[in-house]
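K.L.:
Give me a model of this one.
(2 chains)
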There are 2 protein chains.
Amino acid sequence: MGEREIGIGLLGCGTVGTGVLEILGRNVEAVTGHTGVPIRVRKVLVRDKSKPRRVALNQDILTTSFQDILDDDSIQIVVEVMGGLEPAGEYILGAFRRGKHVVTANKELLAKRGPEIFESSRKHGVMLRFEGSVAGGIPIIKPLEECLAANRIQEVMGIINGTTNYILTKMTSEGRQFEDVLREAQEKGFAEANPSDDIEGRDAAYKLAILASIAFGTEVSPDKVYTEGITKITPLDIEYARELGFVIKLLAIGKEVDGAIEARVHPTFVPARHPLASVNDAFNAIFVRGNAVGDLMFYGRGAGDLPTGSAVVADIIDVANSILSGVPAGAIGPGFVTWNGGRKISDIDSVSTRYYIHLKVIDRPGVLASIARAFGDHEVSLESVIQKGRGQNPVGLVFVTHRVLERNVRAALRVIKDLPVVMDISNVIRVEGEA
Amino acid sequence: MGEREIGIGLLGCGTVGTGVLEILGRNVEAVTGHTGVPIRVRKVLVRDKSKPRRVALNQDILTTSFQDILDDDSIQIVVEVMGGLEPAGEYILGAFRRGKHVVTANKELLAKRGPEIFESSRKHGVMLRFEGSVAGGIPIIKPLEECLAANRIQEVMGIINGTTNYILTKMTSEGRQFEDVLREAQEKGFAEANPSDDIEGRDAAYKLAILASIAFGTEVSPDKVYTEGITKITPLDIEYARELGFVIKLLAIGKEVDGAIEARVHPTFVPARHPLASVNDAFNAIFVRGNAVGDLMFYGRGAGDLPTGSAVVADIIDVANSILSGVPAGAIGPGFVTWNGGRKISDIDSVSTRYYIHLKVIDRPGVLASIARAFGDHEVSLESVIQKGRGQNPVGLVFVTHRVLERNVRAALRVIKDLPVVMDISNVIRVEGEA
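P.N.:
Next comes the predicted model:
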């Protein structure tokens, strides 16, 4: 109250940190238009002060010591954009203890330790905001938590990893192999040198843990998220998907089914007419179904300096406005509100969905009958079956099932795998979304 | 403040009012999960107490007198879902004077009298929320005002009238005439008995006035919005659009160009690959371009009892939370913040865009030359020209221009209209959006 300006301390000056600085410098009119007072960057925590940087920075504000930021009383908001579990977690908790508010874009930390960190912010009467942690610049945390608060959310389904969406888009449009496109993406800087968090689905699983916690009002820890990456997707699967009227996307899926929560990340057959099907390249999109609002989709850039910076600076403006008008911390803004707490998170075994199953079999009379019997014995009912490569040996057999229990599919496949005519279970991909 | 519950008074019990009551009844768990206390409907203002209603209502809470609501001290929030200018405006101002907060979904009132009404809410220290006034259930007001506050918004482009989008979708997929589809839409209840606000673009213009005021931080009054409806669109235009790689949509467009604001509603050629092109039927979508976040799109149901009710109840929850935690009114939440105030709203004459121009001409040598000369004389440069119906007389000539000034197009067309070979200027439709 009575503050004439708001001071921030930035932890980290990598991609997102640079974006934050660039926005605060370039969009002064919009930022101060929404706060009424200037936002001043007081200190920036870096590892190496002498490293050349893309944004012009007063060298005096660079520091290599977090203590400098803690001790600076003109800093009311600590902005954590360094990422990773530690020291980010320790710094955030330290900021709380000194009565400083925190804005973060750290998905891994929030996914793994969100409840503990929120509890600490409440205990110390300070604010914690994290719009930038999921889907970069796309407003999704606040819309889910506030704008859709009147809904029972039934489903959240998103393309929330840009790297894998870029790879799948290229594989789809150019018919290329996974490894080949990954290498090109790494050369172009679209994929990291160590891409495993992205391509194995862990990055998406962290984001889904946060999204699902907010959407369903219950704690969803990332180790409860069933996670499968895109490394086994082949051009052949993509081609079969197209013939069947689908595209393959890495989806992060949260659903409330019979009071329990499904949370899973895996490659998915999406109907070509579904709004998520045409989300290409590095774009992200999140499809939400609420029992009042119906179907919604939020689409935009899910990563990058300026898009993620846009979300981080919006959070800074929010916290600044709350400080300036004396809003009690915790009064507003999304948290990990567990109003629907203690929901069971379903095992993947008890998920019901449709499946695409691609087998390699020896083409001889009776082969289909023996496989169909194995499915039938396990209550897996089939919607369609297509034989590919007639006259070759082995041939491809492609099944699409009706909605069936995952555990039944797995049981059937254990039997099918051992049939003498079956050479290989090439791929099993879940099918989601009505067209 | 110790309130144990929040009381609301509902003004109107039509489509949206019924949706609000249904959500408050059905989603108690989600609603109280977000507020911590019950939301009680204390009174409902109706014209006729004996009218049968879809939701079960205690007859005792129905009233035909607004004074009853004003005098009820247990009502902290007045929820105006009656629509229209009066008495809605008078009631809202009356509520403010009694210290009551207001949630409204009234686009016409806010578009025409927003600044005055916000000024009054500030004067009386109460809150005013209006998420439901634009695009029904799609969260757009709060995302624009808060989540994108760090951006200079460059463009807001939306399909924000479901009736016209339904009509254009049917005309496109079935090749039918406007009047024919309109009649069917009226029979099915998708279009009103008096559809002129929708089909003439006024409904979209009200919503654009609100959106543009928020996006650009400057007052945009609806009489400054250039407005053209869809009544002149023919199946032939739709067919030519398709051949050229476009679809025709009624777009509401706000842009900041050289410091001035363009605000216009008109049928538009949208590239088939643009995210807005595949928004069909009664769905709405709003495309936003910010200088930090890049391109975003928000998609969902733009009207209806439950979708609009979802936005209204979210606003009720927001206001309730602010009351409960003692947040000062005006401290948070979107208003008509004119931080970028006093921007010039451009005349349609000074807009620069591309144009589709469809002429009927007599097929004789030299006709193209004389028309091309008229365009050239007025600095209208042409991207393509196609002759349709060779051998017939008259024939169709279809031009697509490069980006040119509207006033130059108009001047050229005045000359072209008087050329003896030109029988008719069949249609002129603006072209927007890169693919």
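K.L.:
per-domain residue ranges of chain A.
P.N.:
Following automatic domain parsing, chain A resolves into domains at A:6-137+A:305-324, A:141-300, A:348-431.
K.L.:
Just the terminal-to-terminal distance for the last one.
P.N.:
Just to be clear, that refers to domain A:348-431. In domain A:348-431, first residue to last residue: 14 Å (CA to CA, to the nearest Å).
K.L.:
Run the chain-centre distance for it.
P.N.:
30 Å (CA atoms, centre = their mean, to the nearest Å).
K.L.:
Mind giving me the packing neighbours of the biggest helix by length in chain A?
P.N.:
As assigned by DSSP state H, the longest helix anywhere in chain A is helix A:305-324. On a contact count with 3 or more CB pairs under 8 Å, 6 or more residues apart in numbering or on different chains; DSSP states H and E, helix A:305-324 meets strand A:6-11, helix A:15-26, helix A:28-35, strand A:39-45, strand A:77-80, strand A:101-104, strand A:128-129. For the C-beta atoms, the positions are set from N, CA and C on the backbone; glycine is no exception.
K.L.:
got the residue ranges for the helices in the stretch 201-350 of chain A?
P.N.:
A:202-216, A:235-243, A:305-324 (DSSP state H, counting those that start in this stretch).
K.L.:
hmm, who's touching the helix or strand just after the longest helix of chain A?
P.N.:
Tracing the chain C-terminally past helix A:305-324 and defining elements by DSSP states H and E, one meets strand A:352-361 next. If you take CB atoms under 8 Å, 6 or more residues apart in numbering or on different chains as the criterion, strand A:352-361 is touched by A:236-237, A:240-241, A:244, A:246, A:257, A:269, A:367, A:371, A:380, A:383, A:394-406, A:409, A:413, A:416, A:421-432.
K.L.:
okay if I get the helices of the stretch 201-350 of chain A as a markdown table plus mean pLDDT and mean neighbour count?
P.N.:
A markdown table is the format used below for these (pLDDT from 0 to 100; neighbours: other CB atoms under 10 Å in any protein chain shown):
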| stretch | mean pLDDT | mean neighbour count |
| --- | --- | --- |
| helix A:202-216 | 97 | 28 |
| helix A:235-243 | 96 | 17 |
| helix A:305-324 | 96 | 26 |
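K.L.:
May I see the ones you listed arranged in JSON lines, with distance to A:Ser352 as well?
P.N.:
Below are these laid out as JSON lines (distance: least, CB to CB, whole Å):
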{"stretch": "helix A:202-216", "distance to A:Ser352": "18"}
{"stretch": "helix A:235-243", "distance to A:Ser352": "21"}
{"stretch": "helix A:305-324", "distance to A:Ser352": "35"}
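K.L.:
thinking again about what came up before, out of the domains of chain A, which comes closest to B:Arg54?
P.N.:
Smallest distance to B:Arg54 across those (CB to CB): 14.9 Å, for domain A:141-300.
K.L.:
What is the end-to-end distance of that closest one?
P.N.:
14 Å.
K.L.:
Residue of the stretch 1-150 of chain A nearest chain B, please.
P.N.:
A:Gly33 (2.8 Å; CB to the nearest CB).
K.L.:
Tell me, how many residues neighbour that residue?
P.N.:
18 (other CB atoms under 10 Å in any protein chain shown).
K.L.:
and if you look at the one 10 residues further on?
P.N.:
Counted with other CB under 10 Å, residues neighbouring A:Lys43 total 23.
K.L.:
hang on, it packs against A:Asp72?
P.N.:
Yes. A:Lys43 lies in contact with A:Asp72 (CB atoms under 8 Å); the separation is 6.0 Å.
K.L.:
As TSV, the domains of chain A with distance to B:Val79 would be great.
P.N.:
Shown next, in TSV, are the domains of chain A (distance: least, CB to CB, whole Å):
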stretch	distance to B:Val79
domain A:6-137+A:305-324	25
domain A:141-300	12
domain A:348-431	39
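K.L.:
Looking at those, which is nearest to B:Gly175?
P.N.:
Using CB to CB, the nearest of the domains of chain A to B:Gly175 is domain A:141-300, at 20.2 Å.
K.L.:
does chain B sit close to that closest one?
P.N.:
Yes. Using CB under 8 Å from any CB of the partner chain, domain A:141-300 reaches chain B at A:142-143, A:146-152, A:217, A:275, A:278, A:290-300.
K.L.:
Now, those residues that are in strands?
P.N.:
When these are checked against strands (DSSP state E), the matches are A:290, A:294-300.
K.L.:
Identify the contacts common to A:Lys43 and A:Asp72.
P.N.:
A:Gly9.
K.L.:
sorry, back to before: out of the domains of chain A, which comes closest to B:Arg98?
P.N.:
It is, among the domains of chain A and with distance given as CB to CB, domain A:141-300, at 25.5 Å.
K.L.:
pretty sure A:Ser322 is touching A:Met127, no?
P.N.:
Yes. Contact criterion CB under 8 Å: A:Ser322 and A:Met127 qualify, at 6.3 Å.
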